[in-house]
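**Q** my questions concern the predicted model and sequence given below.
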Amino acid sequence: GVRDVLFLYEENRCSMTYMYEYPEYLKIKLPKKTARRYPAYELYLYGEGNYAEANKNLILTGIPVLFLPGNAGSYKQVRSLGSIALRKAEDIDFKYHFNFFSVNFNEELVALYGGSLQRQTKFVHECIKVILKLYRDREFAPTSVAIIGHSMGGLVARALLTLKNFRPELINLLITQATPHAAPVMPLDKYLTDFYTAVNNHWILKAQDLRNLTTLSVAGGFRDYQVRSGLTFLPRLSQHDSALSVVSSAVPRAWASTDHLSIVWCKELILATIRAFFDLVDENTRQITEDPKRRMSVLNHHFVRHPAKIFEENPEAFTELTGAFMWIKVKTSKWTYSVYNDSDGKYFTFPLASHRKSYSHVYCQNSMLVRKYFLKNILSLFIKLYCFNLDSLPCVFITSELQFTLDCEFFKEDSRTVQLPVTHLFSFGLSSRKILLNSTALLYNVQLLHFDQIYQAFKISIESHCQLLKERKPSVYRLHIPWSHEDSIIVAKVPSFTEISAKLHIAQPENDSSVPVLNIYSSSDCQYEVILKTSLLQILGQIIRFHGCSLPVYVASNILLTYGGQLSTLISTGQCSEFSLELVRTAKPYKVDPVISIVVFLLGFNWFREIWDSLSLPEVDAAVLSSQDAWFPLVSLILFLFGTGIAYWSGVFFSSSLRLFSSLWLTLIRPSVLQKDNKLITPRRVCVVLSLALVSWTTCGAFVIFIIYLRYVFKHSKETSQNAIKHTVKKRNSVDGASEATESLCNNRTIAEDVNSLRIHVTILNLFTWIVLLNLPSLIYWLKNLRYNVRLDPDPCRSTAIILVSVLEILMNSSTSEVKSSKLLKIAAKVPLPLSIAMLAFGRMHLYKVPHFVTFSLLLHALCCIV
């Protein structure tokens, strides 16, 4: 499944964008108050060559566009958009042009640490005010700014509308690239999830106020494994018809999936974006049009259904055909015409009155059409497909010039539609469905029945056989998903064998009854065999794609169950079992999953929901995922077993690492056997706890957690080596003369105690490692911004760090002999099970809650050492 997500996707079909002149970034001077408040952030104006030189005095006359980079993104990523927009403006002699601004967010990791998102949003608001001031007193002064946001930059742009003093009319167009709108990819802190909740709630509740804002969200498709495309779809609201969500593989004239970074430089996609920008300009105001309907019409033209012509707001119903060209009347239902270097124009007419009785549609395709491509002075080859409904088409005119091959046919839609029920989820690819298309048609529509859920994934094989060996036009296969713009297109040679992956980014909505269709644009003298099988590997890939980020919860749950099992064996046998053996014995999915499933089922009843709400309990994550159609059958079981495997090997890794470190310690330092301090709480340890708590409060909680983690590892590596020396010395003394049975028994008991302590410490270290990993992003963020501020504010793990410092200082100096006699040991042994259930119930969509559950369990263990 991981391999399917990270490696098995289409090749990169994007062309690189190049600058024709050296790119320059002019830093815009901000007001002193703004610069003092946001020292790490900057605003730049993009330019090249003479254009950059002319703008150094900031006498701007263009249309302002602001680019917002995403997580760890650079302000220099604006260059692809700015350069192509400049070339296009040159083509029209600067009749109107765009000024591209870009914000430097210091490449902050905002996808992993949400504490700076609000700060970024406020800074963007200040930037918009500064940008609009630059155009003051100009002839065509703008009143709003268009925004393009990549990744988290798109979310920051949406968050502008949540600011109290922000005027919505300051932005009228927002285009986001690979922005996770629905939810964070990794919900690692509360500030991140709260920010998402505030933004999405505002857009739902204030939808009426957003009618004048046109929003386009472009996703990268399956090549983008960092942000799955399902997260990029904007909320569907009946009253909000000015938002559009598309996947790059469905964008006309691009038809390519992009990874998370290439979406900002993919030439085909950038061309579509810039063409749309120029079509959005109002001739009268020389700014982006204020008409929301026209904005949506332009975006639909370039990003949904491009009719292979220049955008016209109100196209003429009738076209006057002039010129002394030859008129040819075609009466047959199927027709082919080829021409090479024919400069004489021709009109071909098809009388439709007779065809309407027998046919419902006309389909035409042409290839080798020579045209001049936008921004390129070279000739490009095209395959163009047209399909018209005869009810709304009075007649068809086709003009020929230069060279191309054209095929047309009239057909009845029902005769070209074939239904293919998909195979069952649990067929595991052992069974298949097959259809044979053996006619002379140019177009087939294969309806994929019962294909509507995200956990379904299929491998569709299309094999074409032709009677004569000759050069043919390639076939085009298009997988069309009617409820979302996530189509994919494949061009294949004929004859050939082609495999298509069929899987969804979002599930079919409840009120939608449409069916996914595989359109086969074929060669007329070839036979096509279509075979559909369930793909188990791609189903596992979908599980990882949609739920892989919740794996840390399942791993921590497994370790926590094992930890409780070890404490239980300590009560019953007086010995602490080995981690791997206890994991196999206690970490069972039937202990946790059924409880969550029962709670989710009961939440469907009003009486249980009222009790749940009265207790102020949060929503169960599984219920939320089910309501979003993102929950799979048996997905929790699969993830739990995956978590068990990871927990097992992490346990092996930690026990081996401790042995390795202690061996190195013995070899390099040869430590002497020191007398262990039996007191848990000493003045020195209290000073250490207070010092680390102070560091946590004044700097970064994750930094202190990392320090105490290293201290824990170092202490027990050292202690393991000292125990090895101690037991070797005692064994030698016993052999030399002290052969009394009591001494031998005492030595064995000491060795057993040390082994028990080592095993429980390995498990604690294993648990603590996941706390460190989940808090690591805020540590990285703090280190990166240390030159601006010593204290991380806000800090998502400051309070957790202070508690953990006290707890782990006690635990690292404790042994199992102190715990055995504790009155709280039974409670400490039983608590991990309900904590594991709670962790899976509330932590899948809120990873930051995992350290809280683990910390509570370790706190009980520390109390057992005292009480």
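**A** Yep, that arrived.
**Q** which residues are in contact with the helix or strand in which residue 520 is found?
**A** Here residue 520 sits within strand 517-521, counting by DSSP states H and E. By CB atoms under 8 Å, 6 or more residues apart in numbering, the list of residues contacting strand 517-521 from outside reads 365, 385, 420, 437, 442-448, 460, 462, 475-480, 482, 500, 502, 528, 530. In short, each C-beta sits where N, CA and C put it, glycine included.
**Q** can you pull the buried residues of stretch 501-516?
**A** For stretch 501-516, a neighbour-count test (16 or more other CB atoms under 10 Å) marks 501-508, 515-516 as buried.
**Q** ok, the closest residue to residue 856 other than its chain neighbours - contacts?
**A** Take residue 856 and drop its neighbours on the chain: the residue closest to it by CB to CB, 6 or more residues apart in numbering is residue 835, 6.6 Å away. When contacts are counted by CB under 8 Å, 6+ apart, residue 835 touches 560, 853-854, 856-857.
**Q** let me know the closest of those to residue 354.
**A** Residue 354 has its nearest neighbour among the contacts of residue 835 in residue 853, at 75.0 Å by CB to CB.
**Q** and the closest one, how close does it get to residue 836?
**A** According to CB to CB, to the nearest Å, residue 853 stands 8 Å off from residue 836.
**Q** tell me, what's touching those two both at once?
**A** Joint contacts of residue 853 and residue 836 (CB under 8 Å, 6+ apart) are residue 560.
**Q** please identify which of these two sits among more neighbours.
**A** residue 836 (29 against 25; other CB atoms under 10 Å).
**Q** buried stuff in the strand or helix carrying that one?
**A** Assigned by DSSP H and E, residue 836 falls within helix 832-842. By neighbour count on 16+ other CB under 10 Å, the buried set for helix 832-842 is 832-833, 835-842.
**Q** next one: stretch 462-481
**A** Quick answer for stretch 462-481 (16+ other CB under 10 Å): 462, 464, 472-473, 475-481.
**Q** list the contacts for the residue lying closest to residue 695 once chain neighbours are set aside?
**A** Distance criterion CB to CB, 6+ apart; nearest residue to residue 695, sequence neighbours excluded, is residue 704 at 5.4 Å. Applying CB under 8 Å, 6+ apart to residue 704 gives the contacts 692-693, 695-696, 801-802, 805.
**Q** now those residues in a markdown table, with pLDDT?
**A** Shown next, in a markdown table, are the contacts of residue 704 (pLDDT from 0 to 100):
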| residue | pLDDT |
| --- | --- |
| 692 | 93 |
| 693 | 93 |
| 695 | 94 |
| 696 | 93 |
| 801 | 94 |
| 802 | 93 |
| 805 | 93 |
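**Q** narrow the residues you listed to just the buried residues.
**A** Using 16+ other CB under 10 Å, the buried ones in the contacts of residue 704 are 692-693, 695-696, 801-802, 805.
**Q** determine which two of the residues you listed are furthest apart.
**A** Pairwise distances across those (CB to CB) peak at 10.1 Å, for the pair 695 and 802.
**Q** shaky segments in the stretch 601-750 of the chain?
**A** 670-678, 720-749 (pLDDT under 70).
**Q** that older thread, what confidence value was assigned to the residue nearest to residue 856?
**A** Note for residue 835: predicted pLDDT of 95.
**Q** now it: how far from residue 553?
**A** In terms of CB to CB, residue 835 sits 12 Å off from residue 553.
**Q** what does residue 773 give?
**A** 12 Å.
**Q** look at those two and report which has more neighbours.
**A** Legend: neighbour count by other CB under 10 Å for residue 773 and residue 553, higher for residue 553 (29 against 15).
**Q** show me the contacts for that one.
**A** 643, 839-840, 843-844, 847, 850.
**Q** in which helix or strand would I find it?
**A** Counting by DSSP H and E, residue 553 is part of helix 551-572.
**Q** quick one: mean pLDDT for the following helix or strand past that helix?
**A** The element immediately downstream of helix 551-572 (helix or strand, assigned by DSSP H and E) is helix 579-586. In this model, helix 579-586 has a mean pLDDT of 92.
**Q** angle of the very next helix or strand once past helix 579-586 against helix 832-842?
**A** Sequence-wise, the next helix or strand downstream of helix 579-586 (DSSP H and E) is helix 593-602. Relative orientation of helix 593-602 versus helix 832-842 (axes from the mean of the first three to the mean of the last three CA atoms, to 10 degrees): 50 degrees.
**Q** can you name every helix or strand that the helix or strand that helix 593-602 is followed by contacts?
**A** As assigned by DSSP H and E, the chain's next helix or strand after helix 593-602 is helix 606-614. Judged by 3 or more CB pairs under 8 Å, 6 or more residues apart in numbering; DSSP states H and E, helix 606-614 is in contact with no other helix or strand.
**Q** only C-alpha atoms, please: export helix 606-614 in CSV.
**A** C-alpha atoms of helix 606-614 as CSV (Å, rounded to 0.1, in the frame of the first residue of the first chain):
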residue,chain,number,x,y,z
ASN,A,606,-31.1,10.6,19.8
TRP,A,607,-31.2,9.5,23.5
PHE,A,608,-27.6,8.3,23.4
ARG,A,609,-26.5,11.5,21.5
GLU,A,610,-28.2,13.7,24.2
ILE,A,611,-26.3,11.8,27.0
TRP,A,612,-23.1,12.1,25.0
ASP,A,613,-23.5,15.8,24.5
SER,A,614,-24.5,16.4,28.1
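**Q** for residue 40, give me its contacts.
**A** Residue 40 neighbours (CB under 8 Å, 6+ apart): 105-106, 108, 785, 788.
**Q** among the buried residues of stretch 501-516, which are in strands?
**A** 501-503 (DSSP state E).
**Q** what's near enough to touch residue 428?
**A** Contacts for residue 428 were tallied using CB under 8 Å, 6+ apart; they are 534, 536.
**Q** pull the distance from stretch 210-221 to the chain's centre.
**A** From the chain centre to the centre of stretch 210-221 is a distance of 17 Å (CA atoms, centre = their mean, to the nearest Å).
**Q** what distance separates the start and the end of it?
**A** 27 Å (CA to CA, to the nearest Å).
**Q** buried residues in it?
**A** Buried, per 16+ other CB under 10 Å, within stretch 210-221: 210, 213-221.
**Q** I'd like these as TSV, with pLDDT and secondary structure appended.
**A** Below are the buried residues of stretch 210-221 laid out as TSV (pLDDT from 0 to 100; DSSP: H, G, I helix; E, B strand; the rest coil):
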residue	pLDDT	secondary structure
210	83	helix
213	92	coil
214	94	strand
215	95	strand
216	95	strand
217	96	strand
218	97	strand
219	96	strand
220	95	coil
221	94	helix
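**Q** for the residue sitting nearest the centre point of the chain, which residues are in contact?
**A** Closest to where the C-alpha atoms of the chain average out (CA atoms, centre = their mean) is residue 227, at 1.4 Å. The contact partners of residue 227, by CB under 8 Å, 6+ apart, come to 151, 178-180, 185, 219-220, 260.
**Q** cutoff 6 Å now
**A** Residues in contact with residue 227, defined by CB atoms under 6 Å, 6 or more residues apart in numbering, are 178, 180, 185.
**Q** reformat these as a markdown table; add distance to residue 285 and neighbour count.
**A** Listed next are those as a markdown table, based on distance: CB to CB, whole Å; neighbours: other CB atoms under 10 Å:
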| residue | distance to residue 285 | neighbour count |
| --- | --- | --- |
| 178 | 31 | 31 |
| 180 | 34 | 26 |
| 185 | 39 | 18 |
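**Q** for those, which one is nearest residue 96?
**A** residue 178 (28.5 Å).
**Q** by mean pLDDT, flag the weakest helix or strand of this structure.
**A** Sorting the helices and strands of the chain by mean pLDDT, DSSP states H and E puts strand 379-380 at the bottom, at a mean of 32.
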